[in-house]
Structures are given as C-alpha cells and as structure tokens.
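A.B. asks: For reference, the sequence and a predicted model appear below.
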Amino acid sequence: MPIATPFTALGAGNGFASCLSKVDVSSYDYWTTFSGVNKDSPATSDLLIAESIQLGMKLYWNGFSCVAPSRATFSSEREPPLPYESSSVSYLDVSSHSTAEPMKRVCGKFISASDSQTSSPSGRTNCQLFLAIDAPVRMYNGDITDEDNFVGIGYGMGSPVNTRGSSSARANTRVTIVGHLDESPSTTGTYDYAYVEVGGMHFVCEALAKGNVSETANAANLTASAAATVSVNTHTSNSSITSIDFYTY
C-alpha cells in the first residue's frame, strides 16, 4: 500500500473534516455501524461506538483501493460463428483523484474512481467498478434528536464499492456494500442481503444475479453469478468483492 504524508488536521473536532449527517436507520430493512451494531443486533456500547468512529476515520482519511472482480462473457454456436467476447474489471484505486492524498481530504471532498471495460468487436459484454470515499453518517436507532438512540458511525446509503457485469443484458450481476438499505421491490432476478466484514469494517452487502439459466446471489460471500442462453448464444456474468485497502504512514 502507498505511504501517505503525515499531517495534522483540526477538522470539525469530531475526527472528520465536517459535521456528520444524522440518520434514523430504524425503519430500514438492513443497517449496520462500522463496528457491527446492526438491526439484528442493535445493542451498542461506548466501546462499540468509539470503535465505529475509529473505523469510519480510517476509511474516510486512509481509504485507497479495492479488489472487486467482475467478468462477463459471450459465446455463440451460430454459423457462421460469432467471435467470443469477454470483459473484466478487478482492481481500482483513487490515486488519480485530485484529493486522493489523505492530507488533501481536510476540505471534506468526495473522493471517487471508476473503471469500465467493454468487449470488442461488438460490445456485447461490459463490466464496471466504482470506488467512493465520503464522510460516513451518525446512525440513530430512532429519533435523531434523542442522543440515547445513537448507536455509532456507518457508511450510509452510498456504496464505497460497487462492482457489476453484464452480457448483452441477458446475464447480469452486481455486488455492492452500503451502510443501510431497504430490500429491492424488483420481481426480476435474485437478490440476497447479508451483514459482512470488508477491510475490518462492517457493511450490508446486496448481491444481485439475473439470468434465464441460473441466478446465484450469495451476499454473505460477497458474490453473484448468472448465466443465460438465447437461441445458440451463451451469456455469463460473475461479480465479487474481495478487499478494501488503505494508505499507511
């Protein structure tokens, strides 16, 4: 991992560059703080709150890269034959962002990076990977005006890591991690949800798979796979999240 330049920042006096938004997460289907206090296990403590703040600071100030592979393929038995096509993404970091260095994040800037690959010659497959680092939120299990409901710090509804693949929109997969969300009302595809740990921090994982041959979404393992056939054409897509890594000093 890259070595960052040491620095000191006063910030908002809370460990971050600005005041954090307050969110009542009690009505969401899934929510978790960075330290693992969640809807299924909502009991918190001063120690767990402090741990969530430390982990939130680690991600905000030092988040650097992720490994989250997606791969999509297209093959055909048509005559005359169509060319085999595939695309993939895997690793992404924020080094090219203007405020990538931790010391430049003191102004509270949103930091992001993305990667996309489309196959040739016909563009039948596409994979995308997104990495985003933003301020977390203060989570309340109830009314945000009552500090007794404060359970800790979590990421929010945005996703620090989102990876997805598609083959001609026939086989589609997506794996993403967030701090809180509701289950999708969609009636197509297979969705799965689980509380997971990535980079030593807790998130909610949403895994999605869509295909007319097979759909496997395993949020607990941060994976999704799908396969589809249309006439003599075969489509596959696979996505997963492996890791989040950080600057060191």
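C.D. replies: Nice, thanks for sending it over.

A.B. asks: so where's the chain uncertain?
C.D. replies: 10-11 (pLDDT under 70).

A.B. asks: In it, where's the longest strand?
C.D. replies: strand 63-76 (DSSP state E).

A.B. asks: Show the subsequent helix or strand relative to that strand.
C.D. replies: strand 85-93 (DSSP states H and E).

A.B. asks: Do a quick rundown of the helices in the chain.
C.D. replies: Here the chain has its helices, by DSSP state H, at 46-62.

A.B. asks: and the residue positioned nearest the centre of it, bridged to which residues?
C.D. replies: In the chain, the centroid-proximal residue (Cα atoms, centre = their mean) is residue 161; its distance is 2.7 Å. Beta-bridge pairing for residue 161 (DSSP bridges): residue 131, residue 177.

A.B. asks: surely it meets residue 196?
C.D. replies: No. In this structure, residue 161 is not within contact of residue 196 by Cβ atoms under 8 Å, at 11.0 Å. For glycine as for every other residue, the C-beta is placed from the backbone atoms N, C-alpha and C.

A.B. asks: Overlap in contacts, those two.
C.D. replies: Counting by Cβ atoms under 8 Å, 6 or more residues apart in numbering, the shared contacts of residue 161 and residue 196 are residue 177.

A.B. asks: ok, residue 17 - how many residues close by?
C.D. replies: 17 (other Cβ atoms under 10 Å).

A.B. asks: Could you give the backbone dihedrals for it?
C.D. replies: When quoted as degrees, to the nearest 10, the phi and psi of residue 17 stand at phi -80, psi -10.

A.B. asks: how close does it sit to residue 82?
C.D. replies: 51 Å (Cβ to Cβ, to the nearest Å).

A.B. asks: Also residue 242?
C.D. replies: From residue 242 to residue 82 the distance is 32 Å (Cβ to Cβ).

A.B. asks: One more: residue 101?
C.D. replies: For residue 101, the distance to residue 82 equals 46 Å [Cβ to Cβ].

A.B. asks: got it, and residue 199?
C.D. replies: Taking Cβ to Cβ, one finds residue 199 at 41 Å from residue 82.

A.B. asks: who has more neighbours, the two?
C.D. replies: More neighbours surround residue 199 than the other of residue 199 and residue 82, with 21 against 16 (other Cβ under 10 Å).

A.B. asks: Thought residue 56 was touching that one, still the case?
C.D. replies: No. Counting by Cβ under 8 Å, residue 199 does not reach residue 56; the two are 12.0 Å apart.

A.B. asks: List the contacts of residue 55.
C.D. replies: Shown in contact with residue 55 (Cβ under 8 Å, 6+ apart): 34, 35, 153, 200, 201.
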